[in-house]
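1. quick one: sequence plus predicted model below, questions after.
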Amino acid sequence: MVSKHEQHVRPGLLSDFILGSQDGLVNVLGILLGLSAATNDTTIILIGALAALGAESVSMGAVAYTSTLARRRVYEAERTRELAEMRDLPDIEREEVRTIFRNWGFEGDELEELVRKIETKPKAMLELMMAFELNLSTVSEAQPLRSGLVVLASTVIGSAIPIVPFLLPGLSIETSAIASIALSGAALFGIGWYEAAVTIGPFWKSGLRMLLIGLAAGFAGYLIGHFAHVY
């Protein structure tokens, strides 16, 4: 059983969650504010926002899948090449291993003993070269699909947040827009807070950074809608 202090965050899942939720929220907020400034028709505003939610979610999920799949293919290609070099160019690979250990502060007999030991474990030697010579992280077979689904789901959730006030009955477009900004701002701050909670850094700084980035994008959408309405 793994204790609480031994549990670690998977950086891929965290980045996928932040990517999807932030991107979906920011994009839809910008569209909502732009349409709110350009038209007084709530139906048009909702259709535009919901269309953006659907297109953005599918697009982001697909991009996450294909980009992660590409990283896996690169990893596998380099792994195959490294195996061939270990077989055909053992002296060169041995020197590369020696360089890695030397950069870690090993030297003399201790260094040579480490090199001899790692040579007797081809799997360990291969993983060492992949990580510290090529700077490549393992991408599992399941990771592309998992990444795509996480980004898809988080984009849907993030995109839905700024839409909620526009679905409430009895609110004017101006009130809905203000409520959408407030709700989105709270959600963006929460995403930043969560990032800091599972990594490092001050909660308020991470939350404020996420909030400012999101609201700046939303304001850009508002300006476009405002000037489109004027002209």
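-> Ah, there it is.

2. low pLDDT regions in the chain?
-> Along the chain, segments meeting pLDDT under 70 span 1-12, 196-202, 221-222, 225-231.

3. what sits against the most far-flung residue of it relative to its centre?
-> Most distant from the centre of the chain: Asp109, at 43.9 Å, with distances by C-alpha atoms, centre = their mean. Contact partners of Asp109, counting by C-beta atoms under 8 Å, 6 or more residues apart in numbering, are absent. Placement of C-beta: from N, CA and C, glycine included.

4. ok, Leu114 touching Phe106?
-> Yes. With contacts counted by C-beta atoms under 8 Å, Leu114 reaches Phe106, the gap being 5.9 Å.

5. which strand or helix spans the nearest residue to Glu133 once chain neighbours are set aside?
-> Leaving out its chain neighbours, the residue that sits closest to Glu133 by C-beta to C-beta, 6 or more residues apart in numbering is Glu96, at 5.6 Å. If you go by DSSP states H and E, Glu96 is part of helix 90-103.

6. about what we covered before: just the CA coordinates of whichever strand or helix holds the residue farthest from the centre of the chain, formatted as PDB?
-> In this structure, Asp109 is located in helix 108-119 according to DSSP H and E. Provided in PDB are the C-alpha atoms of helix 108-119 (Å, rounded to 0.1, in the frame of the first residue of the first chain):
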ATOM      1  CA  GLY A 108      38.200   7.000 -11.300                       C
ATOM      2  CA  ASP A 109      37.600   3.300 -10.300                       C
ATOM      3  CA  GLU A 110      34.100   4.100  -9.000                       C
ATOM      4  CA  LEU A 111      33.200   5.500 -12.500                       C
ATOM      5  CA  GLU A 112      34.600   2.500 -14.300                       C
ATOM      6  CA  GLU A 113      32.900   0.100 -11.900                       C
ATOM      7  CA  LEU A 114      29.500   1.800 -12.600                       C
ATOM      8  CA  VAL A 115      30.100   1.600 -16.400                       C
ATOM      9  CA  ARG A 116      30.900  -2.200 -16.100                       C
ATOM     10  CA  LYS A 117      27.800  -2.800 -14.000                       C
ATOM     11  CA  ILE A 118      25.400  -0.900 -16.300                       C
ATOM     12  CA  GLU A 119      26.800  -2.800 -19.300                       C
END
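
7. next up, phi/psi of Glu133, please.
-> Taking degrees, to the nearest 10, you get phi -100, psi -50 for the backbone angles of Glu133.

8. my bad, Arg79
-> According to degrees, to the nearest 10, Arg79 has phi -60, psi -40.

9. surely it touches Ala131?
-> No. Using C-beta under 8 Å, Arg79 makes no contact with Ala131, being 11.2 Å away.

10. okay, these two: which has more neighbours?
-> Arg79 (17 against 13; other C-beta atoms under 10 Å).

11. quick one: residues contacting that one.
-> 126, 130.

12. from Glu113, how far off is it?
-> 27 Å (C-beta to C-beta, to the nearest Å).

13. what of Ile213?
-> 51 Å.

14. how many neighbours does Ala51 have?
-> Ala51: 12 neighbours (other C-beta under 10 Å).

15. could you do Glu110 as well?
-> 11.

16. repeat that for Arg102.
-> Using other C-beta under 10 Å as the criterion, the residues surrounding Arg102 number 14.

17. pretty sure it is touching Leu111, no?
-> Yes. Counting by C-beta under 8 Å, Arg102 touches Leu111, with 6.2 Å between them.
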